[in-house]
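Chemist: Model the structure of this input:
(chains A and B)
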2 protein chains.
Amino acid sequence: MRQAGRYMAEYRAVRERHDLLEICRTPELAAEVTLQPVRALGVDAAILFSDLLLPLAPLGVPFHFAAGEGPVVDEPVRGAADVARLRRFEPEDELRPALDAIRLLRRELDGKVPLIGFAGAPFTLASYAVEGGRSTHFAATKAFMYSEPAAWHRFAGLLADVVGRYLRAQAEAGAQALQVFDSWVGVLDAADYREFALPHVKALFDRVGGVVPTIHFGTGTAHLLALQREAGGDVIGLDWRGGLDEGWGAAGDGVGIQGNLDPSALLGPRDRLLRRVDDVLARAGGRAGHVFNLGHGILPATPVENVKAVVDHVHARTAR
Amino acid sequence: MRQAGRYMAEYRAVRERHDLLEICRTPELAAEVTLQPVRALGVDAAILFSDLLLPLAPLGVPFHFAAGEGPVVDEPVRGAADVARLRRFEPEDELRPALDAIRLLRRELDGKVPLIGFAGAPFTLASYAVEGGRSTHFAATKAFMYSEPAAWHRFAGLLADVVGRYLRAQAEAGAQALQVFDSWVGVLDAADYREFALPHVKALFDRVGGVVPTIHFGTGTAHLLALQREAGGDVIGLDWRGGLDEGWGAAGDGVGIQGNLDPSALLGPRDRLLRRVDDVLARAGGRAGHVFNLGHGILPATPVENVKAVVDHVHARTAR
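Modeler: Modelled structure (predicted):
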């Protein structure tokens, strides 16, 4: 999950002078913000500070961030005519700042911890483009899928192509693992997932698999884990809802599992928090292939000292 | 699920002259709006038009609806001191308009179809009161639960008491079945559900069980179905995400199952829509105890003729 954020004073200090997209598009700033939690928390890996939506703009879907509202897409993609206007692009040109940030970070990290790159999966990126921003019901996205399936598949296929090339470029720039966020795909049932999402996220993994280890994350996907596994990823990222042991069972043997502490647990008292961490570790049972992590993004109200306590606690419990 | 709504022209006509709470608090208007879909769609039951949040105001948590934003609680409940200020109330006095609407509806329906009453479960109602409105992460609610568990249990216990009495009063006024909406409880993992939600929704069902048949509904609860069954309800309402057969398996034998067509399917082409209906019916397999329904509330963009087509199709397929 993203490590930097408003819960950290040093991040807020940067944000006072620079907006989110300015940080993402300035390699030195993106690298600095990426390193803040590595320094403050002692985590085992750095994750590139960036934004899921970056590939939309060069594709022809410009967006901005409205205060308190999250991303707003200027002209949502609502049908075949909109899809026809989109264009393939070269990530090394159009998304160079993120790739330069990776190159800078590898030098700065100097092998101390590995660097994880990431991007959004076709369904999740498309849903932002279609809804025009965040959504609860994803009604416009589903209406698009059902009513214009050919245009949907062109759109999602185009996303799989450009995002796949973007992820390969991240690996070539130095990212040592890649995480694919299909954050909102849990709103689909299994039949819709298989028809409208799986082929494209699978194409994405086919493009990047084998280069570096990959992680495949979604939320609300308890009913989709076996299909997500089928789509790809060396590691399946679980959200916090189900037990890690149950999620691993559903995803199947032979795949790694990342997760799955409820980020809200970080808002509660320390003893309750660490019991929750112990529960996650107990469910993982010391199996090889468990990557301890939160089950979703860290919340702005999170006390930094609680995050540090979790990192230390996991290190103490899993020391060899 | 709620049947009336903005997708119906006759509902929009009423809303042009009356706001949502005015309709809920005027028995004649609530009854009229309740009857609109019964007349237009030929559904097998009427569901009282009302709003989940109504019990909050007499409890001491006033709220209003902001244009385009949904409910806004004037002063969110954030800790023990806020809970101490809340007061028990008598539903027959403070929520009389809804009960009068039920009495009126029973006369108007004249036995043609049964009338379903409803209310929110303690967790879901409390989450609105704590968050101050809708939420994505329910961070304030969870922080409250974890940090002030005693105050949380007093609050949720108070809600179970007043909502339980409200539901009994609905049955006494003539409601022939009752649905309990724990719409947002799926954000809890099983351990949190068991500690913070289950005791109170169970207390609620203990108060109303045996009077009339009860339905227990939530969304995103694939990991909680067995616990929801344990909490109560003659019928478990499934959301659209998982297969109905899998949900029934998780909830266990001996309980009815309601669901679970994706409301978004109503936005797509007719043939695709009816195939989805057939899939739900096939998964139910003709078992006694299946109540066909949507897996969540109907969406504003829904074409009325698609809803009618689903009702007719289900009737044709399940005729004896």
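Chemist: If we ignore the residues flanking it in sequence, what's nearest residue A:232?
Modeler: residue A:205 (2.6 Å; C-beta to C-beta, 6 or more residues apart in numbering or on different chains). Just so you know, the C-beta spots here come from the backbone N, C-alpha and C atoms, and that holds for glycine as well.
Chemist: my bad, residue A:182
Modeler: Residue nearest to residue A:182 in three dimensions, not counting chain neighbours: residue A:121, with 3.5 Å by C-beta to C-beta, 6+ apart.
Chemist: Quick check: phi and psi on that neighbour?
Modeler: phi -80, psi 160 (degrees, to the nearest 10).
Chemist: Equivalent analysis for residue A:65, please.
Modeler: phi -110, psi 120.
Chemist: wait, what's in contact with the residue nearest to residue A:232?
Modeler: A:180, A:214, A:216, A:231, A:232, A:233 (C-beta atoms under 8 Å, 6 or more residues apart in numbering or on different chains).
Chemist: Near the fifth one, how many other residues are there?
Modeler: By that I understand residue A:232. Neighbour count of residue A:232, defined by other C-beta atoms under 10 Å in any protein chain shown: 20.
Chemist: Check it and give its pLDDT.
Modeler: Looking at residue A:232, its pLDDT stands at 97.
Chemist: What of the first one?
Modeler: pLDDT recorded at residue A:180 is 98.
Chemist: Can you tell me the element it falls in?
Modeler: Using DSSP states H and E, residue A:180 sits in strand A:177-182.
Chemist: Can you tell me what sits against that strand?
Modeler: With contacts defined as C-beta under 8 Å, 6+ apart, strand A:177-182 is touched by A:45, A:47, A:52, A:114-121, A:123-124, A:167, A:170-171, A:197, A:201, A:204-205, A:208, A:211-218, A:221, A:228, A:233, A:237.
Chemist: Apply the buried test to the residues you listed and list what passes.
Modeler: With burial judged by 16 or more other C-beta atoms under 10 Å in any protein chain shown, the buried subset of these is A:47, A:52, A:114-121, A:123-124, A:167, A:170-171, A:197, A:201, A:204-205, A:208, A:212-218, A:221, A:228, A:233, A:237.
Chemist: Inside helices: which ones of those residues?
Modeler: A:123, A:124, A:167, A:170, A:171, A:201, A:204, A:205, A:208, A:228 (DSSP state H).
Chemist: Make JSON lines from the residues you listed and add pLDDT to it.
Modeler: Putting these into JSON lines (pLDDT from 0 to 100) gives the following:
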{"residue": "A:123", "pLDDT": "98"}
{"residue": "A:124", "pLDDT": "98"}
{"residue": "A:167", "pLDDT": "98"}
{"residue": "A:170", "pLDDT": "98"}
{"residue": "A:171", "pLDDT": "98"}
{"residue": "A:201", "pLDDT": "98"}
{"residue": "A:204", "pLDDT": "98"}
{"residue": "A:205", "pLDDT": "97"}
{"residue": "A:208", "pLDDT": "93"}
{"residue": "A:228", "pLDDT": "98"}
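Chemist: Please name the residues that touch the residue nearest to residue A:182.
Modeler: A:163, A:180, A:181, A:182, A:185, A:197, A:200, A:201, A:204, A:218.
Chemist: Determine which two of the residues you listed are furthest apart.
Modeler: Across those, no pair lies farther apart than A:163 and A:218, at 15.3 Å, counting by C-beta to C-beta.
Chemist: helix/strand/coil for the residue of the stretch 101-250 of chain A found nearest chain B?
Modeler: Distances between the stretch 101-250 of chain A and chain B by C-beta to the nearest C-beta are smallest at residue A:146, namely 2.7 Å. What DSSP: H, G, I helix; E, B strand; the rest coil gives for residue A:146 is helix.
Chemist: Now it: closest residue in space, sequence neighbours ignored.
Modeler: Spatial nearest neighbour of residue A:146, chain neighbours left out: residue B:268 (2.7 Å); criterion: C-beta to C-beta, 6+ apart.
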